[in-house]
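Undergrad: Everything below, folded, please.
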Amino acid sequence: MTISLNEPVTMTSNVRALDFESGEVLLVDKPLNWTSFDVVHRVRDLFHVKKVGHAGTLDPLATGLLILCTGKKTKEIDTYTGQEKEYEGIMQLGATTASFDSETPEQDQKDYLRVDEEHVLTVFSSFVGRQFQIPPMYSAVKYGGKPLYKYARKGRSLVRQPREISISEFTLIKMELPLLHFRVICSKGTYIRSIVDECGKKLLCGAYLKQLRRTRIGTLSLQQALHIEDLYSLRDRCTSMSAV
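TA: Next up is the predicted model:
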């Protein structure tokens with residue numbers, strides 16, 4: 001279902017009309033190794049606004065589209081988080097990691113040379129549809145008021161409840177063994193790292209997520225997003241205009 005959402009701020013927006021306290025929507029291309037809250041804090045500091053929230057966490061090792069709402073627009077965050085998500089990523093075959101991505105060292109190396117495109121396509125298609133997924137230990141899901149990854153980094157594994165997700169598309173973009181480039185379109189709450197780990201099991205060689213980029217949320221595209229340096233430029237334009 002397509003929902004009419006607010007027009008996001010762009011570099012060509014009329015800065016005289018912007019009111020971050022009343023509420024604006026920002027699309028940001030989250031950089032590598034930044035947390036989603038790093039971006040939130042940067043927006044707070046740059047535009048001197050107290051209420052800023054993001055619609056859908058991206059892991060530090062993931063990049064791409066992050067939607068931020070300020071002021072009264074934070075009440076609309078759930079509208080954005082419920083939208084369909086699209087990702088492009090790269091999975092590494094032939095090994096696994098405890099975190100299902102490159103945050104932790106490789107382990108359990110296996111031969112991947114017998115993996116062919118037909119097998120990959122069959123495995124990918126098996127994920128399409130509704131299913132239940134258990135959140136990985138290296139995730140921001142809360143347990144006892146703490147994110148699971150804090151327990152995981154201390155070597156603890158806790159029982160997690162499965163959650164229903166939906167995958168509408170899982171396609172192979174390019175195959176360059178041991179790397180598989182892919183695209184996934186899915187519902188909110190889907191952990192791409194977990195899908196990649198399951199792919200490795202089905203391909204009998206192990207796999208982990210090497211790179212991930214979120215390219216779309218609902219009708220909002222990464223192409224519309226501002227880079228961090230754009231936020232500084234926008235701040236400077238707002239400051240110059242307010243001084244006139």
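
Undergrad: all strands of this protein, in order?
TA: Using DSSP state E, the strands found in the chain span residues 25-30, 52-54, 62-70, 85-93, 96-97, 106-107, 129-133, 142-143, 146-147, 163-176, 179-186, 207-217, 220-221.

Undergrad: Report all helices and strands that the last one contacts.
TA: When you say that, I think you mean strand 220-221. strand 62-70 (3 or more CB pairs under 8 Å, 6 or more residues apart in numbering; DSSP states H and E). Yep, even glycine has a C-beta here, placed from its N, CA and C like the rest.

Undergrad: Mind listing the strands the strand it packs on pairs with, and their directions?
TA: In the sheet containing strand 62-70, its partner strands are strand 25-30 (antiparallel), strand 52-54 (antiparallel), strand 207-217 (parallel), by DSSP bridges.

Undergrad: hmm, back to that, pick the most deeply packed of the strands of the chain.
TA: Mean neighbour count, computed with mean count of other CB atoms under 10 Å, is highest for strand 62-70 among the strands of the chain, reaching a mean of 24.

Undergrad: on that earlier part again, with Leu231 as the reference, name the closest of the strands paired with strand 62-70.
TA: Evaluated over the strands paired with strand 62-70, closeness to Leu231 peaks at strand 25-30, with 7.1 Å, by CB to CB.

Undergrad: Give me the residue ranges of this protein where confidence is low.
TA: Low-confidence regions of the chain, defined here as pLDDT under 70, cover residues 1-6, 242-244.

Undergrad: need the contact list for the spatially most central residue of it.
TA: With distances taken as CA atoms, centre = their mean, Leu58 lies nearest the centre of the chain, 3.7 Å away. For Leu58, the contacting residues are Lys30, Ser36, Gly64, Leu66, Arg214, taking CB atoms under 8 Å, 6 or more residues apart in numbering as the criterion.

Undergrad: again with Arg163
TA: Neighbouring residues of Arg163 by CB under 8 Å, 6+ apart: Phe132, Gln133, Ile134, Pro135, Gly189.

Undergrad: got a list of what the nearest residue to Asp111 once chain neighbours are set aside touches?
TA: Ranked by CB to CB, 6 or more residues apart in numbering and with sequence neighbours excluded, the top spatial neighbour of Asp111 is Cys205, at 6.5 Å. By CB under 8 Å, 6+ apart, Cys205 lies in contact with Leu93, Gly94, Lys110, Asp111, Tyr112, Arg114, Val115.
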